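**Q** Predicted model and sequence below, questions to follow.
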Amino acid sequence: MSHHVSLSPEVQEALAAGRPIVALESTIITHGMPYPKNVETALRVEQTVRATGAVPATCVIIGGKLKAGLSTAEIERLGRRGGEVPKASRRDIPWLVSQGLDGATTVASTMIIAHLAGIRVFATGGIGGVHRGAASTMDISADLQELARTPVAVVCAGAKSILDLELTLEYLETFGVPVLGYKTDEFPAFYTRRSGFRVDYRIDTPGAVARLLQTKWELGLQGGVIIANPVPEAYQLDPVVIEQAIVAALADAENAGIKGKAVTPFLLARVEQLTGGQSLAANIELVCNNARLAGEIAKQLVIG
């Protein structure tokens, strides 16, 4: 393990004992929602992982260290600081580490930390992807390349529906990333259970997912796997309502000149406003749902 990686005592003990561990990202705390809802949600997600018998490992960069596993006090401090902590993807890690700075981890950087720490399963809300209008902007999330190169399984509710889902799936296919549907034949669209696009394969049990992961990595095949887990039916939003909110949010972002890594937080916050908070409630429930499934998959991987 790299000397740049720091593990909490709980995560260290779990690794040494061969216990199941689930990595969690930290941009949901700093950029995903306001304080104190961000801290409440982070602690609830960690508790959801614990309820499955797995150990949560929230990832972050603190003082130039890639850290896996946070205390409640560290999560509280992170939540209070919020957006003043920069988002950190793969390109940002060398700068932040060499300068001894802090950074909140995206899907890509959480995968990197998890892999360096020996953690094979990661739960998030939704992955990044190809943005709408990418033919002219070339705005494509670094998450997709990370999935192509780093051997970590990512449990998510699909890709964020602010994206171009069809092009995102095409990109993943090109780079050989399997997209599994957990108890679904259709790729979920984050806030809704259906997108109109099929997954590569449907898998109905955590044990079957674990067997596929083990097989892929035993064969030496590079990269991760997406386990697309639809938002619970009781919390999904009306597809028409959410699409109208996304279109309006995209127009607002363009008018305001929002670009780069600021786009996704802006759009998610604007969609929350336009849906009267419904999108945030759905986001919280789908993250917890993903954490629960990730814990079960991590347990099956340990059983082997």
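**A** Looks like it came in fine.

**Q** Phi and psi next, for residue 63.
**A** phi 60, psi 30 (degrees, to the nearest 10).

**Q** Run through the residues that contact it.
**A** Each residue near residue 63 by C-beta atoms under 8 Å, 6 or more residues apart in numbering is listed here: 100-102. (C-beta placed from N, C-alpha, C; glycine too.)

**Q** Double-check residue 127 against residue 155; I have them as touching.
**A** No. Assessed by C-beta atoms under 8 Å, residue 127 is found out of contact with residue 155, at 10.2 Å.

**Q** quick one on the thing from earlier: filter the contacts of residue 63 down to the buried ones.
**A** Among those, those classed as buried by 16 or more other C-beta atoms under 10 Å are 101-102.

**Q** where along the stretch 51-200 of the chain do the helices fall?
**A** Ranges of helices within the stretch 51-200 of the chain are 72-81, 93-98, 107-117, 134-137, 142-149, 165-174, based on DSSP state H, counting those that start in this stretch.

**Q** is it possible to export those helices to a markdown table including mean pLDDT, mean neighbour count and distance to residue 242?
**A** Formatted as a markdown table, the helices of the stretch 51-200 of the chain follow (pLDDT from 0 to 100; neighbours: other C-beta atoms under 10 Å; distance: least, C-beta to C-beta, whole Å):
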| stretch | mean pLDDT | mean neighbour count | distance to residue 242 |
| --- | --- | --- | --- |
| helix 72-81 | 97 | 16 | 26 |
| helix 93-98 | 98 | 15 | 33 |
| helix 107-117 | 98 | 26 | 21 |
| helix 134-137 | 79 | 11 | 20 |
| helix 142-149 | 97 | 21 | 21 |
| helix 165-174 | 96 | 18 | 13 |
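
**Q** what would those look like in a markdown table with distance to residue 64?
**A** Formatted as a markdown table, the helices of the stretch 51-200 of the chain follow (distance: least, C-beta to C-beta, whole Å):
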| stretch | distance to residue 64 |
| --- | --- |
| helix 72-81 | 15 |
| helix 93-98 | 5 |
| helix 107-117 | 13 |
| helix 134-137 | 32 |
| helix 142-149 | 20 |
| helix 165-174 | 32 |
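
**Q** So which of the ones you listed is nearest residue 253?
**A** helix 134-137 (11.3 Å; C-beta to C-beta).

**Q** With just CA atoms, put that closest one into PDB.
**A** Extracted as PDB, the C-alpha positions of helix 134-137 are listed here (Å, rounded to 0.1, in the frame of the first residue of the first chain):
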ATOM      1  CA  ALA A 134     -20.900  16.700 -25.300                       C
ATOM      2  CA  ALA A 135     -20.500  16.600 -29.100                       C
ATOM      3  CA  SER A 136     -19.600  20.300 -29.000                       C
ATOM      4  CA  THR A 137     -18.400  20.600 -25.400                       C
END
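
**Q** what sits up against that helix?
**A** 131, 140, 164, 167.

**Q** Could you rerun that using 10 Å?
**A** 131, 140-141, 163-164, 167-168, 171, 259-260, 263 (C-beta atoms under 10 Å, 6 or more residues apart in numbering).

**Q** So which of the residues you listed is the closest to residue 273?
**A** residue 263 (15.9 Å).

**Q** which strand residues sit across from residue 189 in the sheet?
**A** residue 158, residue 192 (DSSP bridges).

**Q** Contact partners for it?
**A** If you count contacts by C-beta under 10 Å, 6+ apart, then residue 189 has 126, 157-161, 163, 165, 195-197, 228, 230-231, 236-237, 239, 242-243 around it.

**Q** For the most centrally placed residue in the chain, which residues are in contact?
**A** Note on the chain: the residue nearest the mean C-alpha position is residue 124, at 2.9 Å, using C-alpha atoms, centre = their mean. Residue 124 sits next to 23-25, 27-28, 45, 105-107, 110-111, 143, 154-157, 286-287, 290-291, 294 when contact means C-beta under 10 Å, 6+ apart.

**Q** what does residue 20 give?
**A** Here residue 20 is in contact with 14, 49, 52-55, 119-121, 294-303 (C-beta under 10 Å, 6+ apart).
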